[in-house]
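# Pasted the sequence and its predicted model underneath.
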Amino acid sequence: MHKRLLTVVMMLVFAMTAMAGVSLASEAKQFKKFHSIVDYKFVAKYAKMPKPKGVMIVDSRPFKPKYIAGYIPTAVSIPTSQFDKMTDKLPANKDDLVIFYCGGFKCPLSHKAAFKAEAMGYTNVKVYAAGFPDFKKKAAYYSIGIETLKDMMGNGDKFVAIDARPYKKYLAGSVPGALGIPEKEFADKRDMLPIGKMDTTLVYFCGGYKCALSHKSAVKARYLGYKKVVVAEAGYPAWKEMYGGSAAMEVKAGEAEGAVDTEWFLATLKDNPSSITLIDVRDAEEYAAGHFPSAINMTADQIEKNIDTIPTDKPIVFSCASGARAGEAYYIFMDMKPNVKNVFYLEATNDFGEDNSYEVHPNK
């Protein structure tokens, strides 16, 4: 009896050992890990603007959809699948620090790219094995592609785009619907930021990859308590190149003075929301509870105080809950800026859902 039990136990131990060996062998066969691994603290020292000299951070994931959806600030996209075709993007000095990363510990792309770079003669190569998931969890903010900002507009995501460049540049042209809050005037104009610090994404941008203003503003926003902060590093130059500058358009007016035609407004909101600057003049609490997806929030008194920050390169439409405050904002604006054309308000009663769905009922 005892011999039989001992035999069974030994067979079980043998089987478990064999399975463990197979598992380890399988894990070993997954991919060869690079010999020099770094952590978040190491990478964070270099993932900042102005960009440190002699350092390049490389995102080894596919450009679409991974890189543009979110990446480590200042990182260059060199997908491992395209590595051999994109070696010209690597530093000219092969003694520079090159840090590769991808999608986490189970992702082999950064390791493969690191071995390739080392074989090319690069002497200071590292792999951030924890990758973007780890960075996103620990960092104050991360970067996105300008394509993602465009998608956020189309999807009706809860966000506010903020131009951190000087005011004159903002007036000369900006991303549709963006607020103009120059980095140097951040403290004075922070009351223009949305009240929802937990659920509204702030998307900062400025003059392109070499511009540090959006990065500085992002850090300040996090210090104020905003939890969702990103930077569209390519900035307005990339937006203008990819989607064009603001183009003039003809607005259909409604029956009341200054009112916009409701049907025209709804069609524009559905098909081309970025073609107008839509300003919700309700209180911040009302706005946070639901609003038109492309609308920015600025109460009537804020309009009077910050009127020079409102872009005038495309039609402006003020909205509220019933048309009353929107009409007031319209007249405040026109009294202060009588020469500005294409300014309107929505003469309608509007109901909003928490998901930013809406129903618009024209006032009779």
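Arrived safely. Residues are numbered from 1 along each chain as shown.
# Every contact and neighbour count from this point should use C-alpha atoms.
OK.
# surely residue 164 meets residue 178?
No - between residue 164 and residue 178 there is no contact under C-alpha atoms under 8 Å: 9.9 Å.
# per-domain residue ranges of the chain.
Here the domain parsing of the chain from automatic domain parsing is 37-138, 142-243, 262-362.
# More neighbours: residue 164 and residue 178, which one.
residue 164 (30 against 24; other C-alpha atoms under 10 Å).
# Just give me the neighbour total for the nearest residue to that one once chain neighbours are set aside.
Nearest-residue entry for residue 164: residue 182, 4.3 Å, with adjacent residues in sequence omitted and distances by C-alpha to C-alpha, 6 or more residues apart in numbering. Applying other C-alpha under 10 Å, we find 24 residues neighbouring residue 182.
# And for residue 328?
Around residue 328 there are 14 residues (other C-alpha under 10 Å).
# How about residue 50?
Burial of residue 50 is recorded as 15 neighbouring residues (other C-alpha under 10 Å).
# Next one: it from residue 74, what distance?
9 Å (C-alpha to C-alpha, to the nearest Å).
# Can you report phi and psi for residue 270?
The phi and psi values for residue 270, taken as degrees, to the nearest 10, are phi -80, psi -40.
# remind me which residues of this structure are low pLDDT?
For the chain, the stretches with pLDDT under 70 are 1-29, 245-249.
# Could you say which helix or strand holds residue 125?
strand 124-128 (DSSP states H and E).
# What is that strand packed up against?
strand 37-38, strand 97-101, helix 109-119 (3 or more C-alpha pairs under 8 Å, 6 or more residues apart in numbering; DSSP states H and E).
# how about a cut-off of 6 Å?
Contact analysis of strand 124-128 by 3 or more C-alpha pairs under 6 Å, 6 or more residues apart in numbering; DSSP states H and E lists strand 37-38, strand 97-101 as its packing neighbours.
# so how far is the first one from its chain's centroid?
Counting by C-alpha atoms, centre = their mean, to the nearest Å, strand 37-38 is centred 27 Å from the centre of its parent chain.
# Direction included, what does it pair against?
strand 124-128 (parallel) (DSSP bridges).
# show me what contacts the residue nearest to residue 164?
164, 165, 166 (C-alpha atoms under 6 Å, 6 or more residues apart in numbering).
# Then residue 348?
Applying C-alpha under 6 Å, 6+ apart, we find residue 348 in contact with 322, 323, 361, 362, 363.
# what pairs with the nearest residue to the first one once chain neighbours are set aside across the strands?
Counting by C-alpha to C-alpha, 6+ apart, residue 322 lies nearest to residue 349, which is 4.1 Å off, once chain neighbours are set aside. On the basis of DSSP bridges, residue 349 takes part in beta bridges with residue 361.
# and the gap between residue 349 and residue 325?
Distance of residue 349 to residue 325, given as C-alpha to C-alpha: 11 Å.
# how many neighbours does residue 279 have?
Neighbours of residue 279 (other C-alpha under 10 Å): 24.
# ugh, typo on my part, it should be residue 54
14.
# Would you agree residue 55 is in contact with residue 100?
No - using C-alpha atoms under 6 Å, residue 55 is not in contact with residue 100; the gap is 11.1 Å.
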